[in-house]
Structures are given as structure tokens and as C-alpha cells.
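Undergrad: Build me a model:
(chains A and B)
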Amino acid sequence: MEKQKDVFTQNLGKIYLLYTGVFILFIIALGIAEQMGLQPKYIGWTFMFVTVGVYAMIGILSRTAKLSQYYIAGRQVPAVFNGMATASDWMSAASFIGMAGTIYILGYDGLAYIMGWTGGYVLLAVFLAPYLRKFGQFTIPDFLGVRYGGNFARNVGILAAMITSFTYLIAQITGVGIITSRFLGIPFEIGVFVGLMGILVCSVLGGMRAVTWTQVAQYIILIIAYLIPVTVLSVKVTGVPLPQVMYGQVLQKIDMKEKEIITDTKEQEVRDIWKQKAAELDAKIKALPGSLESERQALQSKLAALPADAPAKDREAIEKELKALPKTPEEAKEKWTELKKAAEANAKTPKPYIQPFARMDMKNMLILTFCLMVGTAGLPHILMRFYTTPSVKQARSSVGWALFFIFLLYFSAPAYAAFARWEVLSNLVGQHFSVIPGWVASWAKVGLVSVKDINGDGIIQFAEISLKPDAIVLATPEIAGLPYVIAGLVAAGGLAAALSTADGLLLVIANALSHDLYFKQINPKASVTVRLTISRVLLILVALLGAWVAKFKLAIIVELVAWAFSLAAASFFPALVMGIWYKKATRPAAIAGILVGLGITIFYIIGSRFYGLDWFGVKTVGAGIFGLPAGFITIWLVSKFTKEPPKEIQDFVESLRYPKGALKGDELPPELKGH
Amino acid sequence: MVERTQLQSYWKENQKLTAILLLIWFLVSYGAVFIVNTLNNITIFGFPLGYYMGAQGSIATFVILIFYYAYKMNKLDKKYNVADEEE
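TA: Numbers count the residues shown, from 1 in each chain, chains lettered A, B, ... in the order given. Alright, predicted model coming up:
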């Protein structure tokens, strides 16, 4: 372990303060340039290249050839900064772009995500973080390997870490591709490539050390980018720049306006049309494959019936329609079912925004909250950050700082959602279709917003508007009529959120393979140079693999990420907690516990998602509610019936509980020594 | 060297603190969801209280709980002389 501090770690506060100041000046300068006529396109490019350039520069400055720096940043990261790094490691593209939108759509029930993604830090603080820091190795499989002994436990850990982290990684890479392609106007694949360069320059050269200092820089950008638009929105709607306090009034106004919508006859008319559409789609789905064929024939004969002198425009329109038809009956079924669901949702009488359990019942909301909480406390890329603080004491307060920095964003998200909803209700609903605001048209182009005159009365009804969750944060600057520089800032913030999480996840995967698999099991005599080289090569390979998978834009990715929480909750959490809190937990018990927890969770996810399995009406995302207790009970029961762990392991568990003093190295298995 | 019985009572106190904090953690999140309709009858600054707990109240409490835990544990460390870092 390294004791000497360098100039950089001594002056952290000053350096990042200066950095924040320069960044704000940079935003102001761009804002002035925009007023003087700089085109939006160049503002987008400047934001992307300057921020990614900064991350790359931090990566180059933090390059290292030392193991302890590469894996755990030399254990020199003070509590506050580890908190900031953890916050941006944690907050992904989904938190930054999707959270406010999810609340916009789900109302009260969406708060399950707010509580679920924060409450896990309490579990982390009291059950895991201080003890993992005392243990003080490199990875989470390290802990399982040492505590329970043998490679099997370690390998189960590697497997669980890979499953959870890789699905998450693909979602981040997809996020990077969407943001860069939309704001730079370049193809998705090239956007992904640009983002990957930003991720890799950092992690490959400097490992955990570089990733940590970049994540701090990314946090500062993402929090500024989140708070500025919502504050301006608050001023616009209420006149006071305190969105987190002021949106209470807006909730009341939303509630009143929604009551009007529920009874409005024009709204009812639109809802009836949606109902009819849903029924038509339903009939079409039932008549597959015949209905697809007859639709194709109808279009073809329409095309053939066109007179020879018909304008080319008409011909193209029909050809386009033909092309858009699903290719196979399976594809048609999937596409039409999705449309049917959307139509059914629009056909329902809207439930008030703040009314509880309108979109999810209480049981499922509680279960979802629980799975997200425990899953958060079981995700390896978060857990490993607590190896990097200088002491147990700092690990404890570091969890508090992490949640505080996350809190700054999460407690503004419901305000964001409420203001956006109010803007839509007050400035969009009831307008004439001829005066649709510009932002609707520009975001309709990318499919995030759609407004159609369903009943043909020329007036926009609430039931005629559909917004995708991602639209809320991305479109808010335009909804509020802010200069383009703010839109560029939001994009840079979203990119920072996606990149910082991707970096952490990449490290988990590469370290599990290079450290836990190669060094601990295949070649324990490997030199430092060989270990670092392998880790760096793996980082590049895993990143490329992730980008390759992201290219397919699989719809299942979003769902996989939600499942990752249940999987992490049911696999890692019981084995880690029992390993620390229950001295007599044995190796067979831990292995059985992880496999049973993981097995039941996967069984329920696949069963309920694809084969209609239903236990007590629990939704697929809540699968962890079965796996988690099963994991705990299995560990406890099997421990009762297997031989007690050896005394040195029990002493080792005991020594984890007291911050002071070295682990009792002499009595420990050989793999614990030698670092 | 710290006495073994001393260490045991350090661990007992830690367990007790953990249990109390988790109880609060449970009440402000799950408990508040459970009685949200009752809480919504109370309105503060325009916020129905039940909604407020889910959106802001619970997570603000979480932050306080963790800092309080760190503060209490640091004191315990000193009391039992097991702190790993001197001020």
C-alpha cells in the first residue's frame, strides 16, 4: 500500500473548484458566442469535444503502471471525492435522461425508482461498505474467494459480476450512441466509437485511478447540466429559482387541470377513437397471418390502380407504406401488439398524476422498491468503489457523501417531471394544431414526441399527445424556450452520466477476468507488467464487444437492466452480508445460496416474461423478491448442516468488524497474504 | 490490546444502532407507501405529504441516516479504542 501522497491528491479541492469555475465560464462564453451568431451545430460539437477531451486528458495525466493504483487508486481517495465518483459511477444514462420522464409518465408510482435507487445506500452503509474496506482487496469475487475459500465461490462471483455488469454496459454504450448521434448529427455507430474512445483513453491508461478522477469531473458536469434547466423552468413557471420547493404548487395546478380533462367531452371523444383503434388492432392480430397478407395485397392493388400520370409523390407514399409493413407474421404480431397496448393506454380515462397506485398496485410498488434497493447494494461496480478510501472511517462517511451527491439530482427529478407535465397541460393541450410549438416538431422527428389530430377537430387534446420518457429531460430546454447552449449542456451531462457508469462497469468485468480468473487461478506467478497488460487488453476487447452488441439496438436491453437489479440482489447480497454478519456461514452454504437465489430469480424472470408464470401477481421486475429470501435461508440452513468454517476463517470474519489493526495475516489462507 | 469482552460489546452496540437505523429506513419508505392515502390528506407547501415522502422525504432521511451512522460509529470506535485513523 502506498502512503506518500502526490501534489495532486493534496490539492484536490482547489483543482476541482478551479475546474468547476472554468467549466461555468466555458458555458457562459458559448452562450455569448451563440448570441453573436454561432450556429447550434458548432455548439454541440464544441461541447462534445471539449468534455470528452477533458476526460481523455485526465486519463493521460493519471496513467499508472502500479498495481495498487490501477486496481484501487492507491487507496488515496478521500471520502468526499469517493462519494462524488460513486455518484457518477452510479447515475447512468437512465438516471440522467430517463428518471424524470419515468415519473412524468408513472406519477406517484414512478417514485419507486427514486426510493429504490437511493435506499440501497443505507443497506450498503450499515451492512457492507465499512467491512469490505477493512477487508481491503481488489475485487468483490476476491472477498467471496477469501471468506468462503476455494475457487468455486470466487468463480460464482465472477459469473454474477459479468452477467449484471455486461447488460448494464450495453445500455450505457447505447446511451452514448444516441446522445452523440443526435447532437452531432453523425451515424449511431460512429457516435458509439467516439464515446468508446473517451471511455478507453481513461480506463486503459490509468485503471481505477484515472476512472476515479474522471468520474469526479463527470459528476460536476452532469449535476450542473441537470440543475440549470430545471431551475430556469421553475423561474418560468413560478418565478422562484427553487424547483425542489416550488413544484408543490404546480402539483396542485396539475391536479385541477387533470380533473377538467377527465370530464371534457372532446377528450372523451378521442379516448373512444383510441378504444376503437385498439379493437381493430386486436382483430388484425387475431387474424394473422392472413391479415398481414391482405394488407399487403390491398396496398399493391392500390399502387397498380394509380393512373400512369399520377404524381410521383403519391406513388412514393404507397411504396413507403409497403416497405414499412412487417416482414413476417411474428414481426407483425410484436409490432401490432405494441401499437395495441399504446392505443389501450390512450383509451383509458387518465388517472390523476399524484394519485397512488394508479399504474402499479401497492404490492408491486413495494416489491419493486425493495428489489431496486437491495440490488443497488449488491452491484459490484458500486461496491468496489469502497475499496479505494484511505480508511474504514472514510468508507463510512463516503457512503453518505455518495448518497448526498445522488440526492442532489434525484430530489430534483420529481420537480423536473412536474414542471414538464404542467408545461404540456397548460401550453400544449387546448392549442390549435396550426400553432404547435417548435419543440414538438423537432422531437417528433426522432420519435420521442408525437401529436396527432385523432378526432380531426384541429385542437390538441391530452389524449392525442404521446411523450417517450427520454423526451422530458432532453426536450426541456426547448420546451422552456432556452438558448441552444443549454440543450448542448444537457447533452454533455447525459454523455457524462453514461460514460462514467460505463467506465466503472468495464473495470469490473476486466478486473474479474484479469485478477480473479487469470492471476488468482491460472497464473499466480504473473508479473505486474503481464497482469496490467492483460487487464488493459481485456478492457479494449470487452468495450468492443459491448459496442458490437449495442449496434443491434435490441429492445430487450432496457428490460435486462431492470432485471440486473433483481439478479444482483439475489446473488451477491445474501452471500456478502452473511459472510460478514454470520461467522458460521460455510462454503457449501454460500455456493448453494448464490446458486439458489440466482436460479429462482432467473426462473421467475424467464417464466413470467415469456411463459405466463405468475406467483402472487408479482411482476417480472420484482423477481428478486423470491430469490433474495431463498438465498438467505439457503445459506443459513446449509450452514447448520455442514461443518463449521475453520477457526482462522471465523477469526478473519471477526477481525473485519473492528476497524483497527491488521487482519490476522498469520492465521489466514495463503491467498490473503502477499499484497 | 483490546479485551475480547470489550470487542463483543462494541459489536453489540453496532448491531443495536444498525437495527434502529434500519427500522427508520423501513418506516420512511415502505411505511409511508403503505399509508400514503392517509398522509395525502395533509398538505404542506402544496405537497400532499404522502407524495412528498416518496419524492423527497424518504431520500433526505436516508442521507441523514448514513451520516448519523458514520458519526456514531466513529464515536464508538474511539470509545472502544478500535479506530483505524487518528484525527
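Undergrad: ranges for the strands of chain B?
TA: Secondary structure of chain B by DSSP state E: the strands cover B:43-44, B:47-48.
Undergrad: which one of the ones you listed lies closest to chain A?
TA: strand B:47-48 (4.0 Å; CB to the nearest CB). In short, each C-beta sits where N, CA and C put it, glycine included.
Undergrad: partners of that closest one in the sheet?
TA: strand B:43-44 (antiparallel) (DSSP bridges).
Undergrad: Show me the contact partners of the partner strand.
TA: Residues from elsewhere that reach strand B:43-44 (CB atoms under 8 Å, 6 or more residues apart in numbering or on different chains): A:Gly248, B:Leu49, B:Tyr52.
Undergrad: Name the member of those residues with the most neighbours.
TA: The most crowded member of the contacts of strand B:43-44, judged by other CB atoms under 10 Å in any protein chain shown, is B:Tyr52 (25 neighbours).
Undergrad: before we move on, the earlier item: dump the strands of chain B to CSV, plus mean neighbour count and mean pLDDT.
TA: Putting these into CSV (neighbours: other CB atoms under 10 Å in any protein chain shown; pLDDT from 0 to 100) gives the following:
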stretch, mean neighbour count, mean pLDDT
strand B:43-44, 12, 86
strand B:47-48, 23, 90
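Undergrad: Can you report how many residues lie near the residue of the stretch 501-650 of chain A found nearest chain B?
TA: Nearest residue of the stretch 501-650 of chain A to chain B, counting by CB to the nearest CB: A:Trp581, 8.8 Å away. Residues within reach of A:Trp581, counting by other CB under 10 Å, total 16.
Undergrad: out of everything not next to it in sequence, what's closest to it?
TA: Closest residue in space to A:Trp581, ignoring its immediate chain neighbours: A:Phe127 at 7.2 Å, by CB to CB, 6 or more residues apart in numbering or on different chains.
Undergrad: you'd agree the one you found is up against A:Met578?
TA: No - A:Phe127 is not in contact with A:Met578 according to CB atoms under 8 Å; the separation is 10.1 Å.
Undergrad: In helices only, show me the contacts of strand B:43-44.
TA: A:Gly248, B:Leu49, B:Tyr52 (DSSP state H).
Undergrad: which one of those is nearest A:Val508?
TA: B:Tyr52 (35.9 Å; CB to CB).
Undergrad: And the closest residue in space to A:Pro329 that isn't next to it in sequence, its phi and psi?
TA: Leaving aside its sequence neighbours, A:Pro329 sits nearest to A:Pro289 (CB to CB, 6+ apart; 3.8 Å). The phi/psi pair for A:Pro289 (degrees, to the nearest 10) reads phi -80, psi -10.
Undergrad: need the helix or strand of chain B with the lowest average pLDDT.
TA: Least confident element among the helices and strands of chain B, by mean pLDDT, DSSP states H and E: strand B:43-44 (a mean of 86).
Undergrad: ok now it, how far from the chain's centre?
TA: The chain centre lies 25 Å from the centre of strand B:43-44; the measure is CA atoms, centre = their mean, to the nearest Å.
Undergrad: How about stretch A:581-596?
TA: 30 Å.
Undergrad: With stretch A:416-432 instead?
TA: Using CA atoms, centre = their mean, the offset of stretch A:416-432 from its chain centre is 26 Å.
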